[in-house]
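K.L.:
What would the 3D arrangement of this be:
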Amino acid sequence: MLLQWCTLSPAGPSKLSAIRFSSPSRVHSIKIFPTDVQPFGQCPDIIARTEPEAFFLDVYFNAHPVGSPVDAKQKLKAPNALMPTVIPYAGGIVEYAVNMGSEVH
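P.N.:
The predicted structure is shown next:
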């Protein structure tokens, strides 16, 4: 299991933030913690801060097909198929399941 704990702050005119991994990764869920919650029992000094208290989060996953292409020309094309979804966050500790299907990672 890969755990990504980070701070996302919208930047630039598009107000976008990004999390990137160095290799293809499968996301199973996204968990959001409200402000002042201690998300890790083993690390009581880590405190969550989520602002605003409620929001809609537009998430875009870059989908990579599983398996290798049969045609050599397909290998030259870099896949960039974005899979959009919207997460409505109304507060509290919430975990959103992400179903990426079995054909992508």
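K.L.:
Phe40 touches Phe33, doesn't it?
P.N.:
No: counting by CB atoms under 8 Å, Phe40 does not reach Phe33; the two are 9.8 Å apart. (C-beta placed from N, C-alpha, C; glycine too.)
K.L.:
the more surrounded of those two?
P.N.:
In this view Phe40 and Phe33 are compared by other CB atoms under 10 Å, and Phe33 has more residues nearby, 19 against 12.
K.L.:
and that one, what is it in contact with?
P.N.:
Residues counted as contacts of Phe33 (CB atoms under 8 Å, 6 or more residues apart in numbering) are 39, 48, 50, 93.
K.L.:
phi, psi of Tyr60?
P.N.:
The phi and psi values for Tyr60, taken as degrees, to the nearest 10, are phi -130, psi 120.
K.L.:
Give me the subset of the contacts of Phe33 that lies in strands.
P.N.:
Counting by DSSP state E, the contacts of Phe33 place none of their members in strands.
K.L.:
for this protein, where's the lowest mean pLDDT among helices and strands?
P.N.:
helix 72-76 (a mean of 52; mean pLDDT, DSSP states H and E).
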